[in-house]
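# how would this look folded up:
(one chain, ligands or ions: 2)
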Amino acid sequence: MHSSSDFTVPIIDISPYVLGDRSPDADADADATARRRVASEVDHACSTVGFIQIVGHGIRDDIVAGLASAMDSFFGLGPAQKSAYICPPQLNRGYTAPKSETLSLSLGLDSASGMNDYFEAFNVGTGEPNTWPESAGFRSAVELYFAEAARVARTLTGVFAAALGESPNLFSRITDQSLDTLRMNNYALDPGTDVPERELTGMSEHTDYGLVTVLWADRVPGLQVLGADRLWHDVQPAEGAILVNLGDLTARLTNDRWMSTLHRVRPPVSGGTIQRRRSAAFFHDGNLDAVIAPLASCVETGAVPRYRPVTVAEHIRAKLAGSRGGTANASATREAERVRRAVT
Ligand SMILES: O=C(O)CCC(=O)C(=O)O
Ligand SMILES: [Fe+2]
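Ligands and ions are numbered 1, 2, ... in the order given. Below is the predicted model of the structure:
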């Protein structure tokens, strides 16, 4: 594992975009200035790191605590009970048992032997039929958090439009029927499991697939982000902060002005075990029939855009066929090359 002191995930206070109801005597000029500052900080972070920590997001602590305890109640069930919620790979919903996905196959990178990622997960979302565990209060707690993450994702795309100097409806017109998925991840070993002092793959290296990811995570080590220095850096959210990272569709839209940053989860093994860690990734992917092509403002005059247009459905399907279906994705050559060039 590598780290260097000059790698940081910037903390940005997005409250100027979140506070909806202003008092009648609010200073409109001061508001506009505060928003411009947020947009400029976001532009810088998206161009250089591809990850942000947001504060001032307005998600109440009790809603996060409700999500965390819903996750505990489900992941605490026995393997047979959890397995009743497994869905076929072409449906990105329900329970994923440990070692039934390999995220790096979404980049076309082969795993040595079948599905290897140690995480277990539960997915719910829009656009595909959900299955809900019977655990008391699970559905209502998860739906409350889901609505808040969806609100924050939409606030962020508003900031993105401003930061790119585009019309405010740049994203709203391609996200009114957005495919959104909340993936609740659990990285844990059964009591008594003895892992050798080597690194365990919690979740293999990948970029996220959609427009933007809103990522709540325990303040426990494990998440690593690939820096421009080709080193993997450990990242933990600050108290109360929520991580945000861009997905491939925003990199494509911005012709790589903004980055879909590679990341992975490698829980450190100590004393033969790992510290349990939870995360919940809200993937905001856009309307399935939306066509994502590089913005004219992000392509130099006379230059050829780096990406051909794709629909959201086409892109997400190819990625999931890799991570969930085990068919290596052949169309992520650029990201796969970045992983190969990383110092492991
Ligand atoms: O567990 C984490 O912090 C990262 C999860 C993640 O990258 C994902 O679900 O795509
Ligand atoms: Fe991810």
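# near ligand 1, which residues of the protein show up?
For the chain, the contact set with ligand 1 under Cβ under 6 Å from any ligand atom comprises 183, 185, 203, 208, 215, 217, 223, 263, 265, 279, 281. The C-beta positions use only the backbone N, C-alpha and C, and glycine is treated the same way.
# Take those and keep only those in strands.
If you go by DSSP state E, these have 183, 185, 203, 215, 217, 223, 263, 265, 279, 281 in strands.
# and the first one, how many neighbours?
Pointing back at residue 183 there. Using other Cβ atoms under 10 Å, the number of residues around residue 183 comes to 20.
# Could you point out the bridge partners of it in the sheet?
Counting by DSSP bridges, residue 183 is bridged to residue 123, residue 281.
# same question, the fifth one
Going by DSSP bridges, residue 217 is paired in beta bridges with residue 279.
# Give the full set of residues in contact with the residue lying closest to residue 243 once chain neighbours are set aside.
Using Cβ to Cβ, 6 or more residues apart in numbering and skipping residues adjacent in sequence, the residue nearest residue 243 is residue 215, 4.1 Å away. Residues near residue 215 by Cβ atoms under 8 Å, 6 or more residues apart in numbering: 242-245, 279-282.
# With pLDDT and neighbour count as extra columns, can I get these in CSV?
As requested, the contacts of residue 215 are exported to CSV (pLDDT from 0 to 100; neighbours: other Cβ atoms under 10 Å):
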residue, pLDDT, neighbour count
242, 98, 23
243, 98, 23
244, 98, 26
245, 98, 26
279, 98, 24
280, 98, 26
281, 98, 21
282, 98, 25
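# helices and strands around the helix or strand where residue 162 lies, which ones?
Using DSSP states H and E, residue 162 sits within helix 138-163. Under the contact criterion of 3 or more Cβ pairs under 8 Å, 6 or more residues apart in numbering; DSSP states H and E, helix 138-163 touches helix 15-18, helix 28-48, helix 61-75, strand 120-125, helix 169-172, strand 180-187, strand 212-217, strand 277-284.
# returning to what we had before: out of the ones in strands among the residues of the chain next to ligand 1, which is nearest to residue 73?
Proximity of these to residue 73 (Cβ to Cβ) peaks at residue 185, which lies at 15.5 Å.
# ok so, going back, please convert the helices and strands packed on helix 138-163 to CSV, extending it with distance to residue 238.
What follows is these, written out as CSV (distance: least, Cβ to Cβ, whole Å):
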stretch, distance to residue 238
helix 15-18, 15
helix 28-48, 14
helix 61-75, 14
strand 120-125, 24
helix 169-172, 26
strand 180-187, 20
strand 212-217, 11
strand 277-284, 15
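# so residue 138 makes contact with residue 130?
No - applying Cβ atoms under 8 Å as the test, residue 138 and residue 130 come out as separate, 11.5 Å apart.
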